[in-house]
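Engineer: Build me a model:
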Amino acid sequence: SSEGVDRGMRIAWFSPLPPLKSGISEYSELVLYHLKNYVDVDLWVDGFSPRPHFYRDFRVIDYARERKVLPLVKTYDAVVYNMGNNAEFHSGMYEVLQEYPGIVILHDYILHHFFAGYWINKKGNPEGYLQEVRRQYGPAAGELARKSLPAKPLWETEKVQRYPLNKAILEKATGVIVHSEFV
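Structural biologist: From the prediction side, this is the model:
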């Protein structure tokens with residue numbers, strides 16, 4: 001029960017949510033079910049509408065449709081980004097994270113697929129992907145990634161484990177939550 005609980009803390013929660021099909025959506029829904037009893041949580045979504053029956057207890061802010069609301073992120077006590085490896089679901093929050101650092105729940109250790117999808121598919125800029133590989137791992141890794149395109153991309157090989165491309169996320173994080181000792 002939330003009776004007697006000071007719910008004065010406000011959290012901005014960035015995450016894919018159902019009906020988007022992902023493990024992170026399901027994880028977020030489960031966490032939010034309990035978290036709403038202790039703090040005020042606003043759901044920041046990237047161009048989709050969460051399932052209405054569950055989310056009627058939350059304020060939903062679609063920052064993809066209304067970019068001018070982004071400065072409101074600074075008014076929260078905490079900002080939480082549920083970051084995963086799917087560029088389709090996480091590109092918007094990655095861009096917000098660049099300007100508004102916050103706590104990252106790192107759902108995937110290897111974010112190589114995210115950055116490849118972000119730069120190549122979302123931005124149409126394969127050079128942006130190669131620059132990110134070089135920035136995080138140096139010129140030799142950048143050359144390895146370049147040579148791998150397009151026949152057998154680096155992210156589709158075992159070598160991807162040596163180049164998880166997670167530093168760009170971690171550099172902006174004010175804190176990190178993980179699911180395992182390994183991560």
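Engineer: Can you name the residues in contact with the lowest-mean-pLDDT helix or strand in the chain?
Structural biologist: Ranked by mean pLDDT, DSSP states H and E, the weakest helix or strand in the chain is helix 52-55, scoring a mean of 83. Helix 52-55 has contacts (Cβ atoms under 8 Å, 6 or more residues apart in numbering) with L17, P18, E29, Y33, L43. Where you see a C-beta, it was placed from the backbone N, CA and C, and this is true even at glycine.
Engineer: Remind me which helix or strand the third one belongs to.
Structural biologist: Mapping E29 onto the secondary structure by DSSP states H and E places it in helix 23-35.
Engineer: Which parts of the protein are strands?
Structural biologist: With strands called from DSSP state E, the chain shows them at 10-14, 40-45, 59-62, 78-83, 102-106, 173-177.
Engineer: Can I get these in CSV including distance to S148, mean neighbour count and mean pLDDT?
Structural biologist: Shown next, in CSV, are these (distance: least, Cβ to Cβ, whole Å; neighbours: other Cβ atoms under 10 Å; pLDDT from 0 to 100):
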stretch, distance to S148, mean neighbour count, mean pLDDT
strand 10-14, 31, 22, 98
strand 40-45, 34, 20, 96
strand 59-62, 37, 16, 94
strand 78-83, 24, 23, 98
strand 102-106, 25, 20, 98
strand 173-177, 28, 13, 97
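Engineer: Redo those strands as CSV? Include distance to G117.
Structural biologist: Below are these laid out as CSV (distance: least, Cβ to Cβ, whole Å):
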stretch, distance to G117
strand 10-14, 18
strand 40-45, 19
strand 59-62, 22
strand 78-83, 13
strand 102-106, 17
strand 173-177, 20
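Engineer: For F115, find the nearest of the ones you listed.
Structural biologist: With Cβ to Cβ as the criterion, F115 lies closest to strand 78-83 of these, at 11.5 Å.
Engineer: list the helices and strands the closest one packs on?
Structural biologist: If contacts are counted by 3 or more Cβ pairs under 8 Å, 6 or more residues apart in numbering; DSSP states H and E, strand 78-83 sits against strand 10-14, helix 23-35, helix 87-99, strand 102-106.
Engineer: Pull the number of nearby residues for L154.
Structural biologist: Using other Cβ atoms under 10 Å, L154 is surrounded by 21 other residues.
Engineer: Could you measure from it over to Q136?
Structural biologist: 12 Å (Cβ to Cβ, to the nearest Å).
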